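Asker: Only the shape, not the letters, is given here:
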């Protein structure tokens, strides 16, 4: 209804003005013009002036052509003839000019606002990426004092996602505004600062061609952001990873310079953060490789380039095969086999690990059900990315994968890392308990490399602790036995797991010395190249078939015909049982006091091959 209020008001006001002038124009004389001025003022300059101009023009034209207005009163005709009604024409000209000026100013302000939005970041007020690149392009095409050269600093805030998730996006925005202000304050007037996007900023130092000068500025910024920043009464600690590139050494175009500085920044990120690095040809090559892998990763799932391989897991006490770990592999037709250590971090950073991890889970569940006939003890361990674990539909996806595969949930073990507990501990506890209620086992992978705490181990329904391969790799055989810097850590993890009733698993076992030492300190399950490398599903199934038949085929075990395990057929529950000697280290590693001196001789009468030896015959 309010949209009709203004036009109705205009009609009423000008109707009254016309009526007053028609009835009392002659008596009012010169004061009659005041009615027009009041009408213009009430209805606004823009509207009233144009109406006044229109009325004045019409009346003046009619008078000029000698229209007599016979129906009008003598006073009205006299007023028109004397030009009393021509006053609106003058008011209209003034008002029209004012209206035109107002429109012009409005348009100018609009275009200026559009121009500002096109050049400056809305949140922080510094240059945006496109305007920054245009300025740099001008520097390159029109160098100052005839000597081209500038330094480019690529600044990325560390832990900014943690700030957003913990304190909220409003605090995160204030953090970005504060960072932008500090960057502008700590550079010269002729330098440039821009927001590249998200928590990334770029700084251009005009005329800086020396690495020493650029290093001094970068070091100053690193120290600046190492100090907690005050935001809404909270002292929030962030740091900065900075990559530095010099023109024209590290690139001859704007995009080449940005890529070089970005590659240097990424090297800082992977090397520990809170520092600065200069660009190098090696870093640029790695960055180009990373971008190429990211591009190809986006179509790898659709093109069915991923494969799943399975690494056996053994019980140390019995030597029995107790399960497999499903591991992801990527075979690209052009790049060949890409190492997981190279493509998985890229998939996690780009967010592609979520659909890839879901596909891996479905494939592993399907394979676990296909191997269900080889015994209830054969479990399937599946790695879960922290990003995948945090998805709202994660638990539902696990439930759907298990239901579609028709696999017993007790056969599935999900391996999660300690990082899931850092940001959203309560949410992690809730989801782990939900998985436990479903019957799904969970294991804490890479234990000891992150946020290890007895407090959360007591609260979480974690069944297994996996000692990271980096610790196991440091266990070497010395003159006095197994030694290594990681020895106390491995022993502490094993003791902690046993006290809490967890199964302790060691990955990356590559020597017999490591296996015997791990058995002595209480590690229950092992996997590694010492026993078997990851293998394709067909080869793993062939191994399961051979192990299931082995007790009936091998002569040394035939004497145990009365033992239901010797036949490999099954027990009263219909599940296949295995003699522990049939599938692994036999006899089990002897428990001897440390130091363990190797080689430990095997009995000459030993008839059963070790598990690793038995795996080799599958290729023959």
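Answerer: Cool, the structure landed. Because the structure is a prediction, the values reported are computed rather than measured.
Asker: For the strand or helix carrying residue 240, enumerate its sheet partners and note whether each is parallel or antiparallel.
Answerer: Using DSSP states H and E, residue 240 sits within strand 239-247. Next to strand 239-247 in the sheet, as set by DSSP bridges, lie strand 150-158 (antiparallel), strand 276-278 (parallel).
Asker: Assess the claim that residue 171 and residue 234 are in contact.
Answerer: Yes. If you go by CB atoms under 8 Å, residue 171 and residue 234 touch, sitting 7.1 Å apart. In short, each C-beta sits where N, CA and C put it, glycine included.
Asker: worst-scoring helix or strand of the chain, pLDDT-wise?
Answerer: Ranked by mean pLDDT, DSSP states H and E, the helix or strand of the chain with the weakest confidence is helix 555-558, at a mean of 29.
Asker: In stretch 529-548, which of the residues would be classed as buried?
Answerer: For stretch 529-548, a neighbour-count test (16 or more other CB atoms under 10 Å) marks 530-532, 534-535, 537, 539-541, 543-544, 546-548 as buried.
Asker: So for it, mean pLDDT?
Answerer: Throughout stretch 529-548, pLDDT has a mean value of 90.
Asker: So that it lines up with my notes, have the first residue be 171 from now on.
Answerer: Noted, 171 is the first residue going forward, which turns the last one into stretch 699-718.
Asker: how far does it stretch from start to finish?
Answerer: 22 Å (CA to CA, to the nearest Å).
Asker: just stretch 355-375 next, same as before
Answerer: OK, stretch 355-375 end separation, CA to CA: 13 Å.
Asker: Specify the angle between the one helix or strand residue 340 maps to and strand 320-328 in degrees.
Answerer: In the assignment (DSSP H and E), residue 340 maps to helix 339-355. Counting by axes from the mean of the first three to the mean of the last three CA atoms, to 10 degrees, helix 339-355 lies at 150 degrees to strand 320-328.
Asker: who does the longest strand belonging to the chain touch, helix- and strand-wise?
Answerer: Ranked by residue count, the top strand of the chain under DSSP state E comes out as strand 491-502. When contacts are defined as 3 or more CB pairs under 8 Å, 6 or more residues apart in numbering; DSSP states H and E, strand 491-502 packs onto helix 451-470, strand 476-485, strand 506-508, helix 510-519, helix 523-540, strand 549-553, helix 707-723.
Asker: low pLDDT regions in the stretch 171-320 of the chain?
Answerer: In the predicted model of the stretch 171-320 of the chain, residues 171-287, 314-317 satisfy pLDDT under 70.
Asker: Apply 80 and report the result again.
Answerer: 171-288, 313-318 (pLDDT under 80).
Asker: Over to the chain?
Answerer: Using pLDDT under 80, the chain drops low at 171-288, 313-318, 335-336, 453, 545-547, 589-595, 616-629, 647-654, 718-790.
Asker: hmm, back to that, counting contacts, what elements does the helix holding residue 340 pack onto?
Answerer: Secondary-structure packing of helix 339-355 (3+ CB pairs under 8 Å, 6+ apart): strand 320-328, helix 330-337, strand 362-367, strand 370-376, helix 381-396, strand 399-401, strand 404-406.
Asker: one step back: TSV for the helices and strands packed on strand 491-502, including distance to residue 413?
Answerer: Shown next, in TSV, are the helices and strands packed on strand 491-502 (distance: least, CB to CB, whole Å):
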stretch	distance to residue 413
helix 451-470	8
strand 476-485	32
strand 506-508	25
helix 510-519	16
helix 523-540	24
strand 549-553	31
helix 707-723	43
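Asker: Among the ones you listed, which comes closest to residue 673?
Answerer: In terms of CB to CB, the element of the helices and strands packed on strand 491-502 nearest to residue 673 is strand 476-485, at 9.5 Å.
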